[in-house]
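next come a sequence and a model predicted from it.
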Amino acid sequence: MEEGKKEMGSRLVQELAMTMSGRDAPTSYIQRDPDRQINSPLHPSSQVPVIDLNRLSQSDGADESVKFRDALQSWGLFHAVNHGIPSSFLDEVLNLAREFFHLPLEEKQKFANLINGKEFKLEGYGNDIVVRDDQTLDWNDRLYLLVQPEDQRNLDVWPTIPVSFRDVLHTFGRKTQTIRTQILRAMAKVLELKEDRFVNQFDEKANMYARFNYYPHCKRPDLVFGLKPHADASAMTILLLDKEVAGLQVRNNAEWVDVPVLSDSLLVVVGDGIEIMSNGIYKSPIHRVLANSEKERLSVVMFSALDPEKNLEPLDELIDETRPRMYKTVKTKDYLADHFKYFAEGKRTLDFYKI
Ligand SMILES: O=C(O)CCC(=O)C(=O)O
Ligand SMILES: [Fe+2]
């Protein structure tokens, strides 16, 4: 099996799922973590917080601000409700993503993340970028696209079928940007910073990537991960999750807690960038996705990062004697490049930047 690894990396999980015999998963996908435990506690000590964004922005929304701050500090993620995006639009985004992944392979491969069928590039359709021979792969295929800055889009890898895909992704990018701004303002406010202190870090060159994840069913969910444990290297991530199939789990107080399906909500996740800028006050959580033995699952993930040339570092106002600086300064693009390497090795990028 060993010699087949590189090749496996360029095979699509969707195909593997159809041909898998039922007894075993391909070796490159088998997770070797000896402490691997895939069940979450039946009665977790606490549950994923839900924040009403409309209440948060109101002048009498003090209770919501307390919940919001606690969610960011002790969980690093929350379900956002009353975010202003109509549910019919969110359904359209998920439906288009599903339609894309259900297209025949030859159609999808027109947008492949491979050059000449071999060399990996960042954007496009495919599965894990293979950087090491002994890398453990994730049970998912994805389409990864730069959405902002709009003038830097690589339209050659933006699907043309379904026909409304590009327009809808464009609109979804703008709408998630609005929500991002609202959340960044609230993040600054609860830390008593100038309201635009975080927002201003995201200039017109800030990057937003969309990652459409498709997790085919897997007959041996006990052997693989849909997505192995990781934290996001973005500054902030906004996710639209499958409406029916759960699978995402977050590490909280040494427990793996299920992130339940919650209709019409968006999941907001603190990325390493915000953890660094907030000097560790807001937490970038470790999370993972379990495979499902019967059902496919989808998610549409919008990663926001700073301008690749901009430095990522703790804000001066959040450093003092009681809270010394916790992270080194790093250029955003260097952090992201490191993340691709460390993710493949199952390591946490942020650990390399702690002081
Ligand atoms: O599919 C999900 O629920 C989570 C996806 C995720 O964590 C990621 O793409 O970074
Ligand atoms: Fe993630």
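On my side now, so go ahead. Ligands and ions are numbered 1, 2, ... in the order given.

and residue 322, how many neighbours?
Neighbour count for residue 322, taken as other CB atoms under 10 Å: 5. From N, CA and C alone the C-beta is placed, and that goes for glycine too.

for residue 156, same thing?
Burial of residue 156 is recorded as 9 neighbouring residues (other CB under 10 Å).

excluding sequence neighbours, find me the nearest residue to it.
Residue nearest to residue 156 in three dimensions, not counting chain neighbours: residue 111, with 7.8 Å by CB to CB, 6 or more residues apart in numbering.

quick one: the one you found from ligand 1, how far?
18 Å (CB to the nearest ligand atom, to the nearest Å).

isn't that residue right next to residue 158, touching?
Yes: if you go by CB atoms under 8 Å, residue 111 and residue 158 touch, sitting 7.3 Å apart.

show me where pLDDT drops low in this structure?
The model of the chain has pLDDT under 70 over residues 1-10, 21-23, 34-35.

ligand 1 contacts on that one?
Residues of the chain lying near ligand 1 by CB under 6 Å from any ligand atom: 211, 213, 227, 232, 239, 241, 248, 287, 289, 299, 301.

before we move on, which element is the second one in?
Assigning secondary structure by DSSP states H and E places residue 213 in strand 207-215.

number of nearby residues for the residue in the stretch 251-355 of the chain positioned nearest to ligand 1?
Among the residues of the stretch 251-355 of the chain, residue 299 lies nearest to ligand 1; the distance is 3.3 Å by CB to the nearest ligand atom. If you count neighbours by other CB under 10 Å, residue 299 ends up with 24.

is it true that it lies in a helix?
No: under the criterion used here (DSSP: H, G, I helix; E, B strand; the rest coil), residue 299 is strand, not part of a helix.

what's the nearest residue to it if we skip its chain neighbours?
Using CB to CB, 6+ apart and skipping the chain neighbours, the partner closest in space to residue 299 is residue 213 (4.6 Å).

which residues touch that neighbour?
Residues near residue 213 by CB atoms under 8 Å, 6 or more residues apart in numbering: 140, 141, 142, 226, 227, 289, 297, 298, 299, 300, 301.

cutoff 6 Å now
140, 142, 299 (CB atoms under 6 Å, 6 or more residues apart in numbering).

helices of the stretch 251-355 of the chain, start to end?
Using DSSP state H, counting those that start in this stretch, the helices of the stretch 251-355 of the chain run over 272-277, 332-344.

among those, which comes closest to residue 29?
helix 332-344 (13.6 Å; CB to CB).

and the closest one, how far out from the chain middle?
14 Å (CA atoms, centre = their mean, to the nearest Å).

which parts of it are buried?
332, 333, 335, 336, 338, 339, 342, 343, 344 (16 or more other CB atoms under 10 Å).

how about stretch 260-275?
Buried residues in stretch 260-275 (16+ other CB under 10 Å): 262, 264-275.

end to end, how far does that stretch reach?
End-to-end span of stretch 260-275 (CA to CA, to the nearest Å): 24 Å.

ok, stretch 270-289 next?
End-to-end distance of stretch 270-289 (CA to CA): 17 Å.

now stretch 142-155
Stretch 142-155 has an end-to-end distance of 17 Å (CA to CA).

what does it rub up against?
Contacts for stretch 142-155 (CB under 6 Å, 6+ apart): 123, 125, 173, 205, 208, 209, 210, 211, 212, 213.

in the strand or helix carrying the second one, what's buried?
Read that as residue 125. Counting by DSSP H and E, the element that carries residue 125 is strand 124-126. For strand 124-126, the neighbour count (16+ other CB under 10 Å) marks 124, 125, 126 as buried.

follow-up on the earlier one: dump the buried residues of stretch 260-275 to a markdown table, plus distance to residue 169.
Output for the buried residues of stretch 260-275, formatted as a markdown table (distance: CB to CB, whole Å):
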| residue | distance to residue 169 |
| --- | --- |
| 262 | 23 |
| 264 | 19 |
| 265 | 20 |
| 266 | 15 |
| 267 | 18 |
| 268 | 19 |
| 269 | 20 |
| 270 | 24 |
| 271 | 20 |
| 272 | 25 |
| 273 | 22 |
| 274 | 24 |
| 275 | 28 |
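
which among the residues you listed gets closest to residue 81?
Comparing the buried residues of stretch 260-275 against residue 81 with CB to CB places residue 265 closest, at 5.0 Å.

any idea how far that closest one is from residue 82?
Distance of residue 265 to residue 82, given as CB to CB, to the nearest Å: 9 Å.

got it, and residue 117?
According to CB to CB, residue 117 stands 46 Å off from residue 82.

which of the two has more neighbours?
Higher neighbour count among residue 117 and residue 82: residue 82, with 13 against 8, using other CB under 10 Å.

for that one, what are its contacts?
Listed by CB under 6 Å, 6+ apart, the contact set of residue 82 reads 52, 53, 54.

same check, this time on residue 127
13, 141.

got the buried residues for the longest helix seen in the chain?
In terms of residue count, the longest helix belonging to the chain (DSSP state H) is helix 165-190. Within helix 165-190, the residues that qualify as buried are 165-166, 168-169, 172-173, 175-177, 179-180, 182-190, counting by 16+ other CB under 10 Å.
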